[in-house]
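> take this sequence and fold it.
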Amino acid sequence: MTANEDQEMELEALRSIYEGDECFKEISPVSFQFRVGDLEDTKAFILDITWPDTYPETAPQICLDAFFNNRISAATKQLILLKLEEQVEANLGSAMMYTLFEWAKENQDALMESHRPVVTAVQTLTSNTEVMAPSAAKKREKKEQLTKAQKRRMVNRTDNKGELPRGWDWVDVIKHLSKTGGKDDD
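So this is what the prediction gives:
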């Protein structure tokens, strides 16, 4: 098989395995992001992996430069890349993406054991916006959006002052009495 056929088969397998998985993101047919750990987890990180034209015969490009990884120290990133390179060397020549992702998930604690969160001004800014977000969502919930058709119906039902005409919800007295019947004068 050629490299392109191998890539197509592996891409199809990855799509079926990780379909609906929020940790896996296909950027393009040869570029992927995989989040190791939960979003709230301080030891989570994102792997950016790109296939060269000759993949799987040559190693994929692995990168940890995603914005999500800004809180990880350079030393920890180097350790993760070094360990992943070892896995790549062991699997060279065969489809290895699933193996790499699963290996990273299983060894997340070992890879991140020396991790100390790097505090930056950007992180404090994002945490402040997260606190503000619920109140903004509440404000949005209060306002009900009407479609053009709903607005038109409202205008057609009301008079020029915006009020409903007198008796718009009254029950037709005669129709009501005919259904309930009148008083019998026996």
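> helix, strand or coil: sort out the most centrally placed residue in the chain for me.
Nearest to the mean C-alpha position of the chain, by CA atoms, centre = their mean, lies residue 22 at 6.1 Å. Secondary structure, DSSP: H, G, I helix; E, B strand; the rest coil: residue 22 is coil.
> phi, psi of it?
phi -70, psi -10 (degrees, to the nearest 10).
> next one: the one 5 residues further on
For residue 27, the backbone dihedrals (degrees, to the nearest 10) come out as phi -80, psi -40.
> and what of residue 28?
phi -150, psi 180.
> look up how far residue 156 lies from the closest residue to the residue nearest to the centre of the chain other than its chain neighbours.
Of all residues not flanking residue 22 in the chain, residue 35 sits nearest, at 7.7 Å (CB to CB, 6 or more residues apart in numbering). C-betas here are computed from N, CA, C, even on glycine. Look at residue 35 and residue 156: by CB to CB, to the nearest Å, they are 52 Å apart.
> the two: who's more crowded?
residue 35 (21 against 7; other CB atoms under 10 Å).
> that one: which element?
Counting by DSSP states H and E, the element that carries residue 35 is strand 31-36.
> and that strand, which residues are buried?
Within strand 31-36, the residues scored as buried using 16 or more other CB atoms under 10 Å are 32-36.
> same deal with stretch 75-88?
76-77, 79-80, 84, 87-88.
> hmm, back to that, the strand holding residue 35 packs against which elements?
Judged by 3 or more CB pairs under 8 Å, 6 or more residues apart in numbering; DSSP states H and E, the packing partners of strand 31-36 are strand 24-28, strand 45-50, helix 97-106.
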